[in-house]
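**Q** Can you look at this prediction? I've put the sequence above it.
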Amino acid sequence: VKMLSLVVIDDEYLLRLGIPQIIDWNAMGITIIGEASNGEDGLALIKSLRPDIVLLDIQMPIMNGLSMMEAMKKEAIPSKIVVLSGYNDFEYAQIAMQNGAVDYLLKPVTQENLTSSMQRVKAMIAAEQETSQYRARLDQEISSIQHQFLRRLVLGEIANLSDIKKKIEMLKLPLELQDQVVIRICLDQRFVFQKLYSPEKIQEYWNTYEQGIKQCLLETGIFTGFSIPIDTGIQCLLLHPIDSHMHPDTILDTVYDCCNNFLLFMKSFSQVSFSIGISDICRNFHDISAAYQAAHSYSRQKFLPGRSSIASRVRNPFDEYPAEIQKTIQYMKANYFRDITVGSAAKALYISPSHLMHLLKKELGLTFNTCVTMVRISAAQKILASGHSSLSDTAQIVGYRDVKHFSQLFTNLVGVSPSVYCTLIQKGDTGDDSF
């Protein structure tokens, strides 16, 4: 059981000396952690130590007990105050109680009176803690029910507009009925990620993930909204602009910028990549599920595997790169199963091999062969996830004759071997877990 803490504030030296001796504080479950001889020092002590209980004299130099109680009340210091007073005066007691005192003891304080008072204060603190814990559990349960409803709404499991409105009202969700933007954020390699790290490291990363979403998207002062867990590593966000007059184009541009800030935030903690899709603006809740599906589709528009991406109807990851780089990656995606080289690619694109190598290094920081390997291994992940091809067939399909060489490249890029990957990936989920 947690010990409660107490400070004694009284200008009488003998009383401060006697209080620790008058009862068995340890048996009472209370520890005296400090004392002061005037209200000013006492207030500073309480601000610093934040005790559960304060034994406080009324008449003291510099700042009296009543002034000190007023200051504590103004600063919302939650300590329980038991007043010690040499005045058997109803008016004093009434003023003390009005300023937050929970008990009023007359001096000289007896062992019986002090013990009885401390037992009452302990019972009061225990009851408040129990109420606080109950409220916290209740808030948690309500939050869970709210998220369950929002998840069902996003996934299209609730379609009736009347039902949606009733549930929003019943659950007291501060959710606007129009102008919602739906965002889907997916951690790439989400299944492999859980295999590579310890439970503690994974939990630390999830906490950072949630912090990034809050800091960069939910608590910017630009939008209100909710973050809804969809699956491991996948979050759906519903965002509504605080400024009701914000132009639709500005809304979407700002959402894009916020998503980019999220990627920069996460990059400072880890090199793990994300795929983000942004819907158009929803005019009513009936369209939210379709908007989520659109955001899901956009999030699959990866420029290059292993690179974080943000996509919407009007912006895709290709737009960030020069036309020659776009055409080079498109060429790789269309021909990865062939024996392609920097020479064959350059010829197809009507540029010199040296110029192409320079461009890839400048724009992507990668060699031609590295890019081809990334495209091939990403394709292999999708094939293996479908469950329809063996390891050797998959290697052949993506352009490798040597299965052992393919397995080594796969392991180096993905982090686990092809066989381990097959046990981790969910069958049929071929779009969210490539590196």
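**A** Alright, I've got the coordinates. All figures in this text were calculated on a predicted structure; none of them were measured in a lab.
**Q** When you work out contacts or count neighbours from here on, use the C-alpha atoms and nothing else.
**A** Noted.
**Q** Local confidence estimate at the residue positioned nearest the centre of the chain?
**A** Nearest to the mean C-alpha position of the chain, counting by CA atoms, centre = their mean, stands Glu210 at 1.8 Å. Per-residue pLDDT puts Glu210 at 92.
**Q** tell me which element it falls in.
**A** In this assignment (DSSP states H and E), Glu210 forms part of helix 199-213.
**Q** got the contact list for that helix?
**A** Identification of contacts with helix 199-213 by CA atoms under 8 Å, 6 or more residues apart in numbering yields Gln194, Ser227, Phe262, Phe265, Met266.
**Q** Same question for stretch 42-60.
**A** Applying CA under 8 Å, 6+ apart, the external contacts of stretch 42-60 come out as 4-11, 33-39, 64-66, 68, 71-72, 77-85.
**Q** Using PDB, write out every CA atom in it.
**A** Provided in PDB are the C-alpha atoms of stretch 42-60 (Å, rounded to 0.1, in the frame of the first residue of the first chain):
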ATOM      1  CA  GLY A  42       5.300  26.500   3.900                       C
ATOM      2  CA  LEU A  43       3.700  27.400   0.600                       C
ATOM      3  CA  ALA A  44       7.100  27.000  -1.200                       C
ATOM      4  CA  LEU A  45       7.600  23.600   0.500                       C
ATOM      5  CA  ILE A  46       4.100  22.400  -0.500                       C
ATOM      6  CA  LYS A  47       4.600  23.500  -4.100                       C
ATOM      7  CA  SER A  48       7.900  21.600  -4.200                       C
ATOM      8  CA  LEU A  49       6.900  18.400  -2.400                       C
ATOM      9  CA  ARG A  50       3.200  18.200  -3.300                       C
ATOM     10  CA  PRO A  51       2.200  16.300  -0.100                       C
ATOM     11  CA  ASP A  52      -1.000  14.400   0.300                       C
ATOM     12  CA  ILE A  53      -1.800  16.000   3.700                       C
ATOM     13  CA  VAL A  54      -0.900  19.400   5.300                       C
ATOM     14  CA  LEU A  55      -1.100  20.100   9.000                       C
ATOM     15  CA  LEU A  56      -1.400  23.900   9.100                       C
ATOM     16  CA  ASP A  57      -1.500  26.500  11.900                       C
ATOM     17  CA  ILE A  58      -3.700  29.600  11.400                       C
ATOM     18  CA  GLN A  59      -1.600  32.200  13.300                       C
ATOM     19  CA  MET A  60       1.900  32.400  11.800                       C
END
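**Q** in it, what's buried?
**A** 42-43, 45-46, 50-60 (16 or more other CA atoms under 10 Å).
**Q** residue ranges for the strands of this protein, please.
**A** 4-9, 30-36, 53-57, 80-85, 101-106, 180-187, 223-231, 234-241, 274-282, 309-311 (DSSP state E).
**Q** Buried residues of the first one, list them for me.
**A** Same thing as strand 4-9. Result for strand 4-9 [16+ other CA under 10 Å]: buried residues Leu4, Ser5, Leu6, Val7, Val8, Ile9.
**Q** Same question for the last one.
**A** By neighbour count with 16+ other CA under 10 Å, strand 309-311 contains the buried residues Ser309, Ile310, Ala311.
**Q** just curious, which of those is nearest to Phe337?
**A** Phe337 lies nearest to Ser309 out of the buried residues of strand 309-311, by CA to CA, at 24.3 Å.
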